[in-house]
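*Asks:* Turn this into a model:
(one chain, ligands or ions: 1)
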Amino acid sequence: MCGIVGYVGNQQVVPVVIEGLRRLEYRGYDSAGIAVVNRDHEMQVRRASGKLRNLEEVIRENPISGEYGLGHTRWATHGRPTEENAHPHRSGDGRVVVVHNGIIENYLELKRDLQARGHVFKSETDTEVVAHLIQKHQQLDPQADLETAFRRSLNEVRGIYALVAMSADEPEKIVAARLGPPVVVGLGDGEYFVASDIPAILPHTRNIFFLGDGEIACLAKDGVRVTDLEGNEIKPQVQRITWDPIQAEKGGYKHFMLKEIYEQPRAVRDTTQSRISLDTGQVFLDEMKITEAEFRNFTDIKIAACGTAWHAALVAKYLIEELARLPVEVDYASEFRYRNPILTPTTLMMVISQSGETADTLAALREGKEKGCKTLAICNVQGAMMTREADGTIYTHAGPEIGVASTKAFTSQIVAAYLLAMYLAQVRGALNEEKLKWHAQHLSELPVKIEKLLNSDTDYEELSRAFVLSTDFLYLGRGINFPIALEGALKLKEISYIHAEGYAAGEMKHGPNALIDSRLPVVVINTLDPNDEKSRLRYEKTISNIQEVKARDGIVVAIVTEGDKDTREVASFTIQVPPSSELLSPVLSAIPLQLMAYHIAVRRGCDVDQPRNLAKSVTVE
Ligand code: G6P
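*Replies:* Here you go, the predicted structure:
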């Protein structure tokens, strides 16, 4: 979602902030702005709707400079994505500016109070009230410095926020606070950074810390001080980022999404490696506050997640139920709290999230905690909120995912869930050593199969040419491939803006059949593991579904296993994936669907890495 970058130091602030914002572009945004204070203590603000290049154009026409400042890319929630609604927002006297990621829930109430005191508002946003609140507290107590006025303002605010503010009257100082959306502080040599995500500051420093909820950082040229909302000092936990900034760059690929699709062999390998023993089939989970005895005693698992991570959760259900014979229920995190879920002390509450910051997923995790469950997160971002709040985390080692549409995080989430399913089976005695070894072996072969798949000569150009003008798509899958049909449809709609629906193949006759005609591409996932009885059954039934599509003139694109004959005979296009066990086939089937969506979107001229209206990490509910 919104990006934030603030800087205090000796460099020219405008390039540092703009470059930082550019590194956060992947989060999705629809307007941008910057504020810097110059030597004459003048607050200079430039803003523009649309992309960063529009803001740069505004700055070119009307240059600004200074040594402390902050910038923002906004993903509209309250108010349209116009220049007036873009951040930074100013106090009435124009001396204070604020940028914000999140939602101020009581802003209307606060706005009315402030208006009654004579404050005049210029935007439709909730954020603007914070700038006015700071001014109000400075007026009420002229002794109060920015940090104090900021703290007093926060005590009036209800909602979630990453808030960063500065004043023209307090040189070289920036204050930042967090309640929900992440705030990261970068510690340089005589220079300090604040941002909403690490890539923004990585070219300058690798020493960082995340603000905790309810914490305030005050950045000045001589250092950073962290306090809580009462003003008590807190010692931040500084960490050194070991991943390479290059990992967050395109590395020769046209888009981050394509790069990330091609990183999947590595991502899957890193997620698996060091956690399984091929000799014994044993799985070793990362250290966590859930004991082996507790894992043994769980009676059920609830998983909450959003978007692509929700699809990974659906796959996880198949894996855990199959391997560990433990019942799993999967919820949209955004729905979880609204149905009074039955959680007992022996329920394991799980969340799956790339970012570890998605507001709905975090809320579901907290609900589980409140009800006394042990909580476990599958997460990609080190130190993210969910990893701090959960009793345990299984990290996916996918590396930074920049493309808004999730790819490598998804396949790594499935692999992490597979490891968990094996671990549960191991501690609960649901699988013997022989079986565990078999699974370990298959998991370890997966990266090579993905490499093979990525190097295959499937002609995605031809596919994208054939479907560039399609207006609707249907995706069908059965069994463990049903969630992959959902994910394939989501990928296509996210980045190409083509309407696409995923369906359980067997459900087709209960509605979607009515849509099929000669213009409707129907993508059917029909891989086969000949050694698995359920797979064979699924395969045959799905061929019948394909026949039904053909009988109505639908165009079938089938994902099949190498060497397949039967599906190939009836499909218009086939894409082959290497043979694999039934339970690992979702990882392989997902990849051609990512590539197909990518090539169609590129041919349609879409902004693949930053699709319209979407955000990478959705920190509002
Ligand atoms: C947004 C992103 C999706 C992602 C979802 C959940 O909608 O665009 O790609 O799957 O959020 O995000 P999370 O970080 O919790 O996995």
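*Asks:* The longest helix anywhere in the chain: what's the following helix or strand?
*Replies:* Determined from DSSP state H, the single longest helix within the chain is helix 433-454. Past helix 433-454, heading to the C-terminal end, the next element that is a helix or strand (DSSP states H and E) is helix 460-467.
*Asks:* what lines up beside the helix or strand following that following helix in the sheet?
*Replies:* Note on helix 460-467: by DSSP H and E, the next helix or strand toward the C-terminus is strand 472-477. Using DSSP bridges, the strands paired with strand 472-477 are strand 499-504 (parallel), strand 521-525 (parallel).
*Asks:* In terms of secondary structure, what does the longest helix of the chain contact?
*Replies:* helix 264-272, helix 408-427, helix 585-603 (3 or more Cβ pairs under 8 Å, 6 or more residues apart in numbering; DSSP states H and E). Just so you know, the C-beta spots here come from the backbone N, C-alpha and C atoms, and that holds for glycine as well.
*Asks:* Between these, which one is closest to the ligand.
*Replies:* helix 408-427 (6.5 Å; Cβ to the nearest ligand atom).
*Asks:* what angle sits between that closest one and helix 585-603?
*Replies:* 170 degrees (axes from the mean of the first three to the mean of the last three Cα atoms, to 10 degrees).
*Asks:* Could you measure from the residue nearest to Phe121 when sequence neighbours are not counted over to Ile4?
*Replies:* Closest residue in space to Phe121, ignoring its immediate chain neighbours: Glu128 at 5.6 Å, by Cβ to Cβ, 6 or more residues apart in numbering. Glu128 sits 16 Å away from Ile4 when distances are taken as Cβ to Cβ, to the nearest Å.
*Asks:* The residue nearest to Phe121 against Gln115, yeah?
*Replies:* No: checked against Cβ atoms under 8 Å, the pair Glu128 and Gln115 is beyond contact range at 11.4 Å.
*Asks:* Name the residues contacting each of these two.
*Replies:* Contact criterion Cβ atoms under 8 Å, 6 or more residues apart in numbering; residues shared by Glu128 and Gln115: Phe121.
*Asks:* between the two, which one's more packed in?
*Replies:* Higher neighbour count among Glu128 and Gln115: Glu128, with 30 against 13, using other Cβ atoms under 10 Å.
*Asks:* Which pLDDT value goes with the more buried one?
*Replies:* Residue-level confidence at Glu128 comes out at 95, pLDDT.
*Asks:* Report whether the expected contact of Thr574 with Val560 is present.
*Replies:* Yes: using Cβ under 8 Å, Thr574 and Val560 qualify as a contacting pair, with a distance of 5.3 Å.
*Asks:* Between those two, point out the one with more neighbours.
*Replies:* Neighbour count, other Cβ under 10 Å: between Thr574 and Val560, Val560 has more, with 22 against 18.
*Asks:* who touches that one in this structure?
*Replies:* Under the criterion of Cβ under 8 Å, 6+ apart, the neighbours of Val560 are 526-528, 567-568, 571, 574-577.
*Asks:* do you know how far Ser412 is from His72?
*Replies:* For Ser412 relative to His72 (Cβ to Cβ), the value is 30 Å.
*Asks:* that older thread, buried deepest among the strands paired with strand 472-477, which one?
*Replies:* Ranked by average neighbour count under the criterion mean count of other Cβ atoms under 10 Å, the strands paired with strand 472-477 are headed by strand 521-525 at a mean of 28.
*Asks:* from the chain's centre, how far out does that strand sit?
*Replies:* On the basis of Cα atoms, centre = their mean, to the nearest Å, strand 521-525 sits 27 Å off its chain's mean C-alpha point.
*Asks:* Same question for stretch 145-164.
*Replies:* In terms of Cα atoms, centre = their mean, the centre of stretch 145-164 is found 26 Å from the chain centre.
*Asks:* Stretch 363-378 too?
*Replies:* Put simply, stretch 363-378 sits 19 Å off its chain's centre (Cα atoms, centre = their mean).
*Asks:* And the average pLDDT for it is what?
*Replies:* 97.
*Asks:* Do it and the ligand come into contact?
*Replies:* No: among the residues of stretch 363-378, none lie within reach of the ligand under Cβ under 6 Å from any ligand atom; the closest is 9.4 Å away.
*Asks:* Give the helix, strand or coil label for the closest residue to the ligand within the stretch 151-300 of the chain.
*Replies:* Distances from the stretch 151-300 of the chain to the ligand, computed as Cβ to the nearest ligand atom, single out Met257 as the nearest residue at 10.6 Å. Three states are possible here, and by DSSP: H, G, I helix; E, B strand; the rest coil the one that applies to Met257 is helix.
*Asks:* which helices and strands sit right next to whatever helix or strand Thr73 lives in?
*Replies:* Element membership of Thr73 [criterion: DSSP H and E] is strand 68-74. Secondary structure elements in contact with strand 68-74, counted by 3+ Cβ pairs under 8 Å, 6+ apart, are strand 3-8, helix 13-23, strand 31-37, strand 96-104, strand 159-167, strand 173-179.
*Asks:* For the closest residue to the ligand within the stretch 451-600 of the chain, which three-state class applies?
*Replies:* Nearest residue of the stretch 451-600 of the chain to the ligand, counting by Cβ to the nearest ligand atom: Glu494, 6.8 Å away. At Glu494, secondary structure determined by three-state DSSP is helix.
*Asks:* show me the contacts for the nearest residue to it once chain neighbours are set aside.
*Replies:* Here the nearest residue to Glu494 in space, its sequence neighbours aside, is Ala405; by Cβ to Cβ, 6+ apart that works out to 4.6 Å. In this structure, Ala405 makes contact with 257, 308, 491, 494-495, 597, 608, 611, 614, judged by Cβ under 8 Å, 6+ apart.
*Asks:* top of those by neighbour count?
*Replies:* The most crowded member of the contacts of Ala405 is Met257, carrying 32 neighbours; neighbours defined as other Cβ under 10 Å.
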